[in-house]
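S.K.: here is a sequence with its predicted model. Questions after.
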Amino acid sequence: PRGEGRVLDQFSNGDNPEAHYLTTGPEIWEDTKGTITHFVSSMGTTGTIMGVSRYLKEKNPAIQIVGVEPSPGSSIPGIRKWPKEYLPTIYQDQRVDRKEMVTQAEAEECARAMAAREGIFCGISSGGAMAAALRLSREEEGATIVTIVCDRGDRYLSTGVF
């Protein structure tokens with residue numbers, strides 16, 4: 001028999017954003033009863049932000065989509081600042097209204113604070129997304145801001161972050 005397979009390639013596979021369009025976007029819309037004003041997402045594969053943005057903008061074009069990238073010199077696992085020539089093929093720039101940069105220190109501190117204060121043992125990319133969401137909350141009075149905890153803290157136990 002001939003061996004066959006499929007390379008999933010989450011950076012260029014349209015099923016990645018489609019899954020978030022069909023599931024994550026509707027869940028956010030329903031859970032906030034349509035009151036969401038901002039969606040903040042780490043930009044790794046970009047599947048989450050692309051799919052959720054598409055869904056939410058169909059519901060309410062005024063919702064602001066905020067992509068989170070590492071600041072220059074920062075290395076945050078799961079968040080990338082993509083050079084134009086290396087952007088995932090699923091990425092569509094028009095689906096992101098603004099980008100926020102976070103430092104590695106901000107992301108790590110926020111991940112530690114989430115664990116200590118909220119009991120959410122998340123990874124560094126989630127800390128980065130939350131740091132950007134918290135910053136945004138200080139600028140936007142009365143906003144309903146949603147972000148996603150997209151990784152686990154146990155993956156970083158050997159790094160000294162926690």
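M.R.: Yep, that arrived.
S.K.: need the contact partners of the longest helix along the chain.
M.R.: Determined from DSSP state H, the single longest helix within the chain is helix 124-139. Contacts to helix 124-139, defined as CB atoms under 8 Å, 6 or more residues apart in numbering, come from residues 38, 40-42, 44, 66, 68, 70, 76-79, 100, 102, 104, 106-114, 120, 122, 143, 145-151, 156, 161. C-betas here are computed from N, CA, C, even on glycine.
S.K.: which of these count as buried?
M.R.: Buried residues within the contacts of helix 124-139, defined by neighbour count using 16 or more other CB atoms under 10 Å: 38, 40-42, 44, 66, 68, 70, 76-79, 100, 102, 104, 106-108, 110-112, 114, 122, 145-151, 156, 161.
S.K.: now, those that are in strands?
M.R.: His38, Val40, Ser41, Ser42, Val66, Val68, Pro70, Glu100, Val102, Ile145, Val146, Thr147 (DSSP state E).
S.K.: now the first one: how far from Met50?
M.R.: This means His38. 16 Å (CB to CB, to the nearest Å).
S.K.: please tell me I have it right and Ile36 contacts Glu27.
M.R.: No - in this structure, Ile36 is not within contact of Glu27 by CB atoms under 8 Å, at 11.1 Å.
S.K.: Leu136 - how many residues pack around it?
M.R.: Residues lying near Leu136 (other CB atoms under 10 Å) number 19.
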